[in-house]
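Visitor: give me a model of this one.
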Amino acid sequence: MSYLSSIHIIREMSIPKKFYQLQDLILLRTSLEKVKLHVDERKDKTVYQWVNKELTEFQRKYDKIGCKEQGDEIIRGIREERWELIKINVDSCLKFLKEEIEKIYREMADSNVNV
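Guide: Now for the predicted structure:
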């Protein structure tokens, strides 16, 4: 499924479905933020096994949320133990998720639902 079609689906969802999508994106963002903190602090001492475990759910969903390229590069960074590659792509995906989360919040607010 392409990024544009997944966004189109999100916009056509009912409010409860949007809420669950929002929750899912927030959980994925939280995992990415934890990895970002770990990599920023440890750099070349990054524990790649921990990063891989922390991003298990992200690895299942990254291509469906619009982070296909970044997700592929994060997985490659874990496999090749390249913390710089992980950091760059985690930052990029976090920026994207922030924008998507804000869009969903606005859409829900525009439909007069308490968020």
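
Visitor: any idea how many residues pack against residue 79?
Guide: Other residues within reach of residue 79, judged by other CB atoms under 10 Å, total 11. For every residue, glycine as well, the C-beta is placed using N, CA and C.

Visitor: so where do the helices sit in this structure?
Guide: With DSSP state H, the ranges of helices along the chain come out as 3-12, 15-42, 48-54, 56-61, 68-80, 83-110.

Visitor: so can I have CSV of these showing mean pLDDT?
Guide: Below are the helices of the chain laid out as CSV (pLDDT from 0 to 100):
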stretch, mean pLDDT
helix 3-12, 51
helix 15-42, 95
helix 48-54, 98
helix 56-61, 96
helix 68-80, 98
helix 83-110, 95
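
Visitor: buried residues in stretch 36-53, which are they?
Guide: In terms of neighbour count (16 or more other CB atoms under 10 Å), stretch 36-53 has its buried residues at 36, 38-39, 46, 48, 51.

Visitor: hmm, I was thinking of stretch 83-92
Guide: Going through stretch 83-92 with 16+ other CB under 10 Å, the ones that come out buried are 83, 85-87, 89-90.

Visitor: going by distance to residue 66, which of the buried residues of stretch 36-53 wins?
Guide: Checking the buried residues of stretch 36-53 against residue 66 with CB to CB, the nearest one is residue 36 at 18.1 Å.

Visitor: if I look at that closest one, how far off is residue 90?
Guide: Between residue 36 and residue 90 the distance is 5 Å, computed by CB to CB, to the nearest Å.

Visitor: and residue 95, how many neighbours?
Guide: Applying other CB under 10 Å, we find 11 other residues in the vicinity of residue 95.

Visitor: contacts only, for it.
Guide: When contacts are counted by CB atoms under 8 Å, 6 or more residues apart in numbering, residue 95 touches no other residue.
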